[in-house]
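Novice: no FASTA, just this:
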Ligand code: CA
């Protein structure tokens, strides 16, 4: 593809997401790449002799993440300039591989993983389902971005099968706990944020500083076993109902590619405490529209732009107690749900806890996931000059319990 062909491509020069790949027959040789249209540029080879060569030599983005925002901008600028130039492009041609012919790997070593709960609509729906007689939102919800620490070692790359988890549940008609495969396996359509730039224990990252630690975003599916979750979560929150698998897209979209997608946050009332406000200029939402497919049928189009908390507020809150950041930390937004029923980001909400099954294009119905089901989440955002930014898909297929 020429540079002009890439102008309107969802993975064009205005996007340039990062990933990791191997070639057929050599799965052990994992290299970093940047996606250019329908090709992947081998960054280990292309980056040799550049100021970023050392950080691009390994199989993960972690060394590049540690270099910080000036290096990220420098590398991105060099890539855009070089790839837009015919001569520069020709010089790199031997390092370009069609994406159809490569295998993608998890592009970062996930250090800590935190999952937030930043959609007011999602939190309200869940509150109504689980606590029909109480307030939908808990008293703390509008004062802090609620989150929990998940299990980083079970964050898997898009395309990885998800084995149905087994565990304890106790339904409302069960006289005693039951052990067995989850019967209420769900998805949560989310946006993941990749963090770079380590900070020491005992320090804080302010809202204004947080942006310098946001490297990029990747679509995220927080698979959830609702029956295991419901029985275990009081009083300490999600545990085994979430930690069996969390899928992340194979390509990480740089924050710089989303400059045109920034939107103001919804009004925050009551006003959050000062540490969550910063100077005001660092608070933003993102105009990203997700699309959730179940076995090919679009079941939801959740809009990220209505999310209540800014990613900078989430990161500031995460460190306000002195918790350290590591390059390779990952935090996810929480389920993205909009105002309308067809904008809900989980089956729990789409089927109202199983009471209202959805119908797929093949005529079958679902409340929760069946073995063999494939869930794929994609998204688009406005790019510069109207060109779309297409976030790489996150997909996974449910396999039977073992
Ligand atoms: Ca979640």
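Specialist: Nice, thanks for sending it over. All values derive from a computational prediction rather than experimental measurement. Numbering: from 1, shown residues only.

Novice: just the pLDDT for the nearest residue to residue 72 once chain neighbours are set aside.
Specialist: Closest residue to residue 72 apart from its sequence neighbours, by C-beta to C-beta, 6 or more residues apart in numbering: residue 215 at 6.3 Å. (Glycine included, C-beta is placed from N, CA and C.) With respect to pLDDT, residue 215 has a value of 98.

Novice: wait, a strand at residue 215?
Specialist: Yes: under DSSP: H, G, I helix; E, B strand; the rest coil, residue 215 falls within a strand.

Novice: who are the contact partners of it?
Specialist: 61, 65, 72, 194, 195, 196, 252, 254, 255 (C-beta atoms under 8 Å, 6 or more residues apart in numbering).

Novice: interface residues of this protein facing the ion?
Specialist: Contact residues (C-beta under 5 Å from the ion) of the chain with the ion: 115, 188, 222.

Novice: can I assume residue 45 sits in a strand?
Specialist: No: under the criterion used here (three-state DSSP), residue 45 is helix, not part of a strand.

Novice: burial measure for it, as a count.
Specialist: By other C-beta atoms under 10 Å, the residues close to residue 45 number 14.

Novice: and the one 3 residues further on, by the same measure?
Specialist: Taking other C-beta under 10 Å as the neighbour definition, residue 48 ends up with a count of 13.

Novice: likewise residue 195?
Specialist: Neighbours of residue 195 (other C-beta under 10 Å): 27.

Novice: gap between the host helix or strand of residue 40 and the chain center?
Specialist: Using DSSP states H and E, residue 40 sits within strand 39-42. Computed by C-alpha atoms, centre = their mean, to the nearest Å, the separation of strand 39-42 from the middle of its chain amounts to 22 Å.

Novice: that strand packs against which elements?
Specialist: The contact analysis (3 or more C-beta pairs under 8 Å, 6 or more residues apart in numbering; DSSP states H and E) places strand 39-42 against strand 18-22, strand 31-36, strand 96-98.

Novice: again, only this time at 6 Å
Specialist: Packing partners of strand 39-42 (3 or more C-beta pairs under 6 Å, 6 or more residues apart in numbering; DSSP states H and E): strand 31-36, strand 96-98.

Novice: what about residue 212, neighbour count?
Specialist: If we define neighbours as other C-beta under 10 Å, then residue 212 has 16 of them.

Novice: count of residues packed around the residue lying closest to it once chain neighbours are set aside?
Specialist: Of all residues not flanking residue 212 in the chain, residue 69 sits nearest, at 4.9 Å (C-beta to C-beta, 6+ apart). Number of residues near residue 69 (other C-beta under 10 Å) recorded here: 16.

Novice: these two touch, right, residue 69 and residue 213?
Specialist: No: using C-beta atoms under 6 Å, residue 69 makes no contact with residue 213, being 8.2 Å away.

Novice: and the protein, what are its domain boundaries?
Specialist: Split into domains by automatic domain parsing, the chain comes to 18-105, 113-399.

Novice: so which of these is the most packed in?
Specialist: domain 113-399 (a mean of 19; mean count of other C-beta atoms under 10 Å).

Novice: and that one, how far from the chain's centre?
Specialist: Using C-alpha atoms, centre = their mean, the mean C-alpha position of domain 113-399 is found 8 Å from that of the whole chain.

Novice: pLDDT score assigned to the closest residue to residue 357 other than its chain neighbours?
Specialist: Of all residues not flanking residue 357 in the chain, residue 365 sits nearest, at 4.1 Å (C-beta to C-beta, 6+ apart). Note for residue 365: predicted pLDDT of 98.
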